[in-house]
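Trainee: One predicted model, sequence on top.
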Amino acid sequence: MKKQFTLAILYSTLISLAVSTALVALIIGKSRDHVQHACDMSGIAFGIAWFFILTMAIGSCGIYLNGFQKVRENGYYAALSFFLLPVLISVLFVTLMDDFNTEWPIYSAIILPYLFIWIFHFLRFRRKFY
């Protein structure tokens, strides 16, 4: 079971890194003005995206609590072990960054792929064991 949890974290991280990088590049490419600036800081969005996805992956280590039978059998505990820290990290990410009204496409491109993949892993886990 530990191997399944580790692979779920690894697959979620790698897939969401690829999807988020592509989405952020697409969003930045469409929103970019055609004026050349002396200092282009658009690449920092990729670093921020990777940092928060890796932070959510580390926060997803609560999945290992499902190794305990009491947590695995209770749907609420299992959902909390899957989603509590990644959702809190996502909320923290949105509240720490400025200007949510104009930058929400980038925030959603960073957060939502990981959470959607994580929901898929949770549903697959619940279907397999119960």
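Mentor: That came through, no problem. Computed from a predicted model, the values in this text were never measured in an experiment.

Trainee: only C-alpha atoms for contact and neighbour calcs from this point on.
Mentor: Fine.

Trainee: what about the helices in this protein?
Mentor: Under the criterion DSSP state H, the chain carries helices at the ranges 2-31, 44-59, 69-73, 75-96, 100-129.

Trainee: in the second one, what counts as buried?
Mentor: Neighbour-count burial for helix 44-59, with 16 or more other C-alpha atoms under 10 Å as criterion, is recorded at A45, F46, A49, W50, F52, I53, L54, T55, M56, A57, G59.

Trainee: about what we covered before: would TSV of the helices of the chain with mean pLDDT be doable?
Mentor: Listed next are the helices of the chain as TSV, based on pLDDT from 0 to 100:
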stretch	mean pLDDT
helix 2-31	90
helix 44-59	91
helix 69-73	89
helix 75-96	90
helix 100-129	87
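
Trainee: Counting neighbours, what do you get for I111?
Mentor: Neighbourhood size, I111 [other C-alpha atoms under 10 Å]: 23.

Trainee: so how far is K2 from the residue nearest to it when sequence neighbours are not counted?
Mentor: Nearest residue to I111 in three dimensions, chain neighbours excluded: S90, at 6.5 Å (C-alpha to C-alpha, 6 or more residues apart in numbering). Distance, S90 to K2, using C-alpha to C-alpha, to the nearest Å: 25 Å.

Trainee: Looking at the two, which is more packed in?
Mentor: Using other C-alpha under 10 Å as the criterion, S90 and K2 rank with S90 on top: 21 against 11.

Trainee: Next, the contact list for F93, please.
Mentor: F52 (C-alpha atoms under 8 Å, 6 or more residues apart in numbering).

Trainee: Use 20 as the first number for this chain going forward.
Mentor: Got it, the first residue is 20 from now on, which makes the last one we talked about F112.

Trainee: ok, now how distant is it from E92?
Mentor: 31 Å.

Trainee: is it true that L73 touches T32?
Mentor: Yes: contact criterion C-alpha atoms under 8 Å: L73 and T32 qualify, at 7.0 Å.

Trainee: which residue packs closest to the residue nearest in space to the middle of the chain, ignoring adjacent ones?
Mentor: For the chain, the residue sitting closest to the mean C-alpha position, by C-alpha atoms, centre = their mean, is Y133 at 3.2 Å. In space, Y133 comes closest to S35 once its chain neighbours are excluded; the distance is 5.1 Å by C-alpha to C-alpha, 6+ apart.
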